[in-house]
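*Asks:* The sequence isn't on hand, but the structure is:
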């Protein structure tokens, strides 16, 4: 075991080297920026500045870009630049601060990050945008997930994502979300809500957070809205706020056959009961005001990219914000034919001819097959002029 004098000397040496490292990074950043502005790679016969930095400094592409970005930002941030030059802040901390700090609030940020680790600074910066004060409520942010998988697990994962994307026309993010929700749903009673994730809504600051692994993660309102719509809510001193009754929920799911009611959507793996007239607008829990939607379309409704009105008995109307009817397959087919080079009158003629064959349940892909068959027959007969 080291004596007190020995560990104190070693610790002092580490602090000295850390300060020198920060000062070195400050000088390197400035030198790299000057070299980039002088286009120093050209007289050396190199293709790019990234190649120059890799060859002479040993920096990766990302390291080069980050140092240049930080060095440019520090020109307008004298207080942060001075902290790095003096070695009182590590380069990794300064690199993160330059993502959000402005000349007007740099002093507030420097005070806020005192005694914080680099990891804590990264987390604080990630939940804010340029110009935000460190005390502002955290904003929702995106998260990077890195998986270290065996060849077998990687192949199965990629195949599962590809299958979901093909079957339900999902982005990769929504495909992963769909898989996770399916696992969380398990064998739930159809009379209970599909949402089993704790979401906290602060009534004072209107900040929304989702609990995960003991940590609060800021989320967007569009994430909270479906949970509020389809999940029981708990308030101070309450065990559970009033919700859709299990009998009504089961009846709605049975009526809609467990499938998403959006035209053309066949998703039935992870669906939820959605209020047509929102609860915050005094929408009732009556079955007439309830409809089954998949998670993707429920989010689209909450975000306003898909509009929904009507009742389940009188008829539901889905539309785009521009007023166009959602699921108008023939409109999509007309556009697709025009994209393939058909003239306007040719595309219109094909659409009119296939109209009797297209039903509400016909998908765009199925309608396109019919349209191409009809158009091909006309082209072969020399009628498409």
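*Replies:* That came through fine. Remember, predicted model here, so these are calculated numbers, not experimental data.
*Asks:* Show me where the protein dips below the pLDDT cut-off.
*Replies:* Residues of the chain meeting the criterion pLDDT under 70: 1-5, 168-169, 184-242, 264, 266, 269-270, 322-328, 360-361, 383-385.
*Asks:* Show me what the lengthiest helix in it is packed against.
*Replies:* Secondary structure of the chain per DSSP state H: the longest helix is helix 4-37. Here helix 4-37 touches helix 49-56, helix 61-74, helix 78-86, helix 91-97, going by 3 or more CB pairs under 8 Å, 6 or more residues apart in numbering; DSSP states H and E. Placement of C-beta: from N, CA and C, glycine included.
*Asks:* looking at these, which is buried most?
*Replies:* Greatest average neighbour count among those goes to helix 91-97 (a mean of 22), per mean count of other CB atoms under 10 Å.
*Asks:* Other residues contacting it?
*Replies:* 21-22, 25-26, 29, 66, 70, 74, 80, 83-84, 89, 109-110, 113, 116, 118, 121-122, 125 (CB atoms under 8 Å, 6 or more residues apart in numbering).
*Asks:* Residue 321 should be in a helix, yeah?
*Replies:* No. Read with DSSP: H, G, I helix; E, B strand; the rest coil, residue 321 is coil and lies in no helix.
*Asks:* how about the helices and strands packed on helix 4-37 in TSV, adding distance to residue 251?
*Replies:* Shown next, in TSV, are these (distance: least, CB to CB, whole Å):
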stretch	distance to residue 251
helix 49-56	62
helix 61-74	55
helix 78-86	61
helix 91-97	52
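*Asks:* looking at those helices, which is closest to residue 359?
*Replies:* helix 61-74 (51.5 Å; CB to CB).
*Asks:* Against which helices or strands is that closest one packed?
*Replies:* Short answer (3+ CB pairs under 8 Å, 6+ apart): helix 61-74 packs on helix 4-37, helix 49-56, helix 78-86, helix 91-97.
*Asks:* change it to 6 Å
*Replies:* Applying 3 or more CB pairs under 6 Å, 6 or more residues apart in numbering; DSSP states H and E, one finds that helix 61-74 contacts helix 4-37, helix 49-56.
*Asks:* If you count neighbours, what's buried in the longest one?
*Replies:* Neighbour-count burial for helix 4-37, counted by 16 or more other CB atoms under 10 Å, picks out 22, 25, 26, 29, 30, 32, 33, 35, 36.
*Asks:* Excluding sequence neighbours, find me the nearest residue to the first one.
*Replies:* Right, the one you point to is residue 22. Leaving aside its chain neighbours, residue 22 sits nearest to residue 87 (4.2 Å; criterion: CB to CB, 6 or more residues apart in numbering).
*Asks:* same thing with the fourth one?
*Replies:* Nearest non-adjacent residue to residue 29, counting by CB to CB, 6+ apart: residue 71, 3.9 Å away.
*Asks:* repeat for the second one
*Replies:* Nearest in space to residue 25, with sequence neighbours left out and distances taken as CB to CB, 6+ apart, is residue 91 at 3.7 Å.
*Asks:* how far away is that neighbour from residue 85?
*Replies:* Residue 91 sits at a distance of 11 Å from residue 85 (criterion: CB to CB, to the nearest Å).
*Asks:* Let's have the helices and strands packed on helix 61-74 in JSON lines, adding distance to residue 309.
*Replies:* Formatted as JSON lines, those follow (distance: least, CB to CB, whole Å):
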{"stretch": "helix 4-37", "distance to residue 309": "55"}
{"stretch": "helix 49-56", "distance to residue 309": "53"}
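*Asks:* out of these, nearest to residue 103?
*Replies:* It's helix 4-37; of these, that one is closest to residue 103 (CB to CB) at 18.1 Å.
*Asks:* Show me where the stretch 101-250 of the chain has its helices.
*Replies:* In the stretch 101-250 of the chain, the helices defined using DSSP state H, counting those that start in this stretch lie at 106-112, 118-126, 151-168, 172-185, 221-230, 246-255.
*Asks:* and these, which is most packed in?
*Replies:* helix 221-230 (a mean of 19).
*Asks:* one step back: of all the helices of the stretch 101-250 of the chain, which one is nearest residue 370?
*Replies:* helix 151-168 (20.3 Å).
*Asks:* helices and strands around the closest one, which ones?
*Replies:* Here helix 151-168 touches helix 172-185, going by 3+ CB pairs under 6 Å, 6+ apart.
*Asks:* Alright, that wraps it up for me.
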